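**Student:** Quick one: sequence plus predicted model below, questions after.
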Protein chains: 2
Amino acid sequence: MANMAYDTPEMDAGARLKAARLRPTRQRLELARLLFREHDRHVTAESLAEEGARMGVKVSLATVYNTLHQFKAAGLLRQVVVDASRTYFDTNVGDHQHFFVENEGLLIDIPGEEISVSGVPNPPQGLTIDSVDVVVRVKRN
Amino acid sequence: MANMAYDTPEMDAGARLKAARLRPTRQRLELARLLFREHDRHVTAESLAEEGARMGVKVSLATVYNTLHQFKAAGLLRQVVVDASRTYFDTNVGDHQHFFVENEGLLIDIPGEEISVSGVPNPPQGLTIDSVDVVVRVKRN
DNA sequence: ACGCAAATTGGAACAATTCTAATCTATGAG
DNA sequence: CTCATAGATTAGAATTGTTCCAATTTGCGT
């Protein structure tokens, strides 16, 4: 297959890790399989560790934390800051934003084509924009 | 002075607490004075406690936390979620957004008139929008 | 001035995350 | 293929920000 994108959803865990220059250890492979099995997943370290446990994946919590951060650094995951008490990671690294359901800790994607932010001023001297994150906080009626 | 707004920057600490129906205890008064002395302040519980200590205000950390949350509940402060590890409070409760300088924990206001978000889809059935928060993450060059 | 609900407090408890030092493993060299 | 080694994993300790708790203090209406 010529011209495969750097990171596609169809890519298997091994290829993903290779593309990210991460050693394909058993733990990373198994976590990658869990994470990218489905599109647009939102996980926390705890939720992923739990899921792993349920699926019979033997990984320590420390490794889950390490792996999430490495995947993030490699561009395989995006970190989403919505809650002061937990960190979420999103398997969708493309342009998009989120609804966040308060009191439930639930994230829902908003496609990047739908939403748009305009009028962002130039940042003060010496600063460069890294990302523009929108969180639409919603509540259950 | 007729027609004073519910919450103006000129308002003294006592009036502010009265308007918010919070008992004017020494601690609340002193913290309110620190907080609203200047416009558009961004504090964390720790930073405010530290500032209090420096200014000779005797308040426990627990009270700082309590007070910040009560002020928030009363609409005197807005909570800003930008960092997974600390909670910030903003004395500007009007419509505006933020630059967040990563690695420095520094918040900078973006006036609400400058920035705007469009195309926010209707939230899924049963959910109502609470707020639309924009964080422009920036890095020092 | 009294009485009581509300507020404050120090310290214990907690939850999420990071650190540490020991052990294990993927990988490239020979 | 075998080895040496840098890199990865691990359990558990440590750290950090925050909340909880039970005892004491305080604001305020009567």
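**Tutor:** Perfect, I can see it now.
**Student:** hey, let's count contacts and neighbours off CA atoms from now on
**Tutor:** OK.
**Student:** Can you give the distance of the one helix or strand in chain A whose mean pLDDT sits lowest from its chain's centre?
**Tutor:** Every helix and strand in chain A was compared by mean pLDDT, DSSP states H and E; the lowest is helix A:13-19, with a mean of 93. Taking Cα atoms, centre = their mean, to the nearest Å, one finds helix A:13-19 lying 16 Å from the centre of the chain it belongs to.
**Student:** what's in contact with that helix?
**Tutor:** Helix A:13-19 is touched from outside by A:Y6, A:D7, A:R23, A:P24, A:R28, A:L29, A:E30, A:A32, A:R33, A:F36, with contacts defined as Cα atoms under 8 Å, 6 or more residues apart in numbering or on different chains.
**Student:** For A:A62, give me its contacts.
**Tutor:** Counting by Cα under 8 Å, 6+ apart, A:A62 touches no other residue.
**Student:** for it, phi and psi?
**Tutor:** Taking degrees, to the nearest 10, you get phi -60, psi -40 for the backbone angles of A:A62.
**Student:** ok, the residue nearest the centre of chain A to A:L76 distance?
**Tutor:** Centroid-nearest residue in chain A, with Cα atoms, centre = their mean: A:D90, separated by 2.3 Å. According to Cα to Cα, to the nearest Å, A:D90 and A:L76 sit 9 Å apart.
**Student:** And the furthest pair within the contacts of helix A:13-19?
**Tutor:** Using Cα to Cα, the contacts of helix A:13-19 reach their maximum pairwise distance at A:Y6 and A:E30, which is 19.9 Å.
**Student:** Comparing these two, which residue is more hemmed in?
**Tutor:** Using other Cα atoms under 10 Å in any protein chain shown, the more surrounded residue of A:Y6 and A:E30 is A:E30, with 19 against 10.
**Student:** quick one on the thing from earlier: give me the subset of the contacts of helix A:13-19 touching DNA strand D.
**Tutor:** Contacts with DNA strand D within the contacts of helix A:13-19, counted by Cα under 7 Å from any atom of the strand: A:R23, A:R28.
**Student:** Can you select the buried ones from the contacts of helix A:13-19 in PyMOL?
**Tutor:** The PyMOL command for the buried members of those (criterion: 16 or more other Cα atoms under 10 Å in any protein chain shown) is given here:
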select buried, chain A and resi 7+24+28+29+30+32+36
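**Student:** how much space between the residue nearest to A:S85 when sequence neighbours are not counted and B:N103?
**Tutor:** The shortest distance from A:S85 to any non-neighbouring residue, by Cα to Cα, 6 or more residues apart in numbering or on different chains, is to B:A84 (6.5 Å). B:A84 sits at a distance of 12 Å from B:N103 (criterion: Cα to Cα).
**Student:** Could you confirm whether the top strand by length along chain A reaches chain B?
**Tutor:** Looking across chain A with DSSP state E, the single longest strand is strand A:127-140. Yes - Strand A:127-140 comes into contact with chain B (Cα under 8 Å from any Cα of the partner chain), by way of A:127-140.
**Student:** How much space separates the most far-flung residue of chain A relative to its centre from B:K139?
**Tutor:** Taking Cα atoms, centre = their mean, the residue of chain A most remote from its mean C-alpha position is A:Q125, at 30.5 Å. Distance from A:Q125 to B:K139, counting by Cα to Cα: 11 Å.
**Student:** now A:S85
**Tutor:** Taking Cα to Cα as the criterion, A:S85 is separated from B:K139 by 23 Å.
**Student:** Then A:Y65?
**Tutor:** Distance of A:Y65 to B:K139, computed by Cα to Cα: 24 Å.
**Student:** tell me which parts of chain A are close to DNA strand C?
**Tutor:** Going by Cα under 7 Å from any atom of the strand, the residues of chain A near DNA strand C are A:23-26, A:44-46, A:61-62, A:65, A:85-88.
**Student:** Packing partners of the very next helix or strand once past the least confident helix or strand of chain A?
**Tutor:** Counting by DSSP states H and E, the element after helix A:13-19 in chain order, helix or strand, is helix A:26-36. Applying 3 or more Cα pairs under 8 Å, 6 or more residues apart in numbering or on different chains; DSSP states H and E, we find helix A:26-36 packed against helix A:13-19, helix A:61-73.
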